[in-house]
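Novice: how does the following fold in three dimensions:
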Amino acid sequence: MTTIKHQIKHLNGCVLFEADIPADTPSGLAMRAALEKAVSAGANLARSYLAGAYLAGANLDGANLAGAYLAGANLAGANLAGANLA
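Specialist: Numbering: from 1, shown residues only. Purely as a prediction, here's the structure:
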């Protein structure tokens, strides 16, 4: 399977996590796929830039999203159990 790299960035622009996701992932779901991989890996995503991300239905259980910029993000039905959003 062919993959592409997708980065999750800090508000200051530095890369917090880079994930290999399937190349055929629809562009609107790339951030969701990368974010779920980051959470699964235990990555610290505090102060990440997630504006406008389509995260509906994403499993973000236990994610550290403290101070993340989520303006315009779609979190409908996302699993945020145990997530740090403070």
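Novice: quick one: which helix or strand includes L35?
Specialist: Using DSSP states H and E, the secondary-structure element containing L35 is helix 30-40.
Novice: helices or strands up against that helix?
Specialist: strand 3-9, strand 15-22 (3 or more Cβ pairs under 8 Å, 6 or more residues apart in numbering; DSSP states H and E). For every residue, glycine as well, the C-beta is placed using N, CA and C.
Novice: of those, which is nearest N44?
Specialist: strand 15-22 (7.1 Å; Cβ to Cβ).
Novice: what angle separates that closest one from helix 30-40?
Specialist: 110 degrees (axes from the mean of the first three to the mean of the last three Cα atoms, to 10 degrees).
Novice: pairing partners for strand 15-22, with directions?
Specialist: strand 3-9 (antiparallel) (DSSP bridges).
Novice: not counting its own residues, what contacts the strand it pairs with?
Specialist: 15-23, 25, 30-31, 33-35, 38, 43, 45, 48-50 (Cβ atoms under 8 Å, 6 or more residues apart in numbering).
Novice: do the same with stretch 39-49
Specialist: 8-12, 16-17, 35, 38, 59-69, 84.
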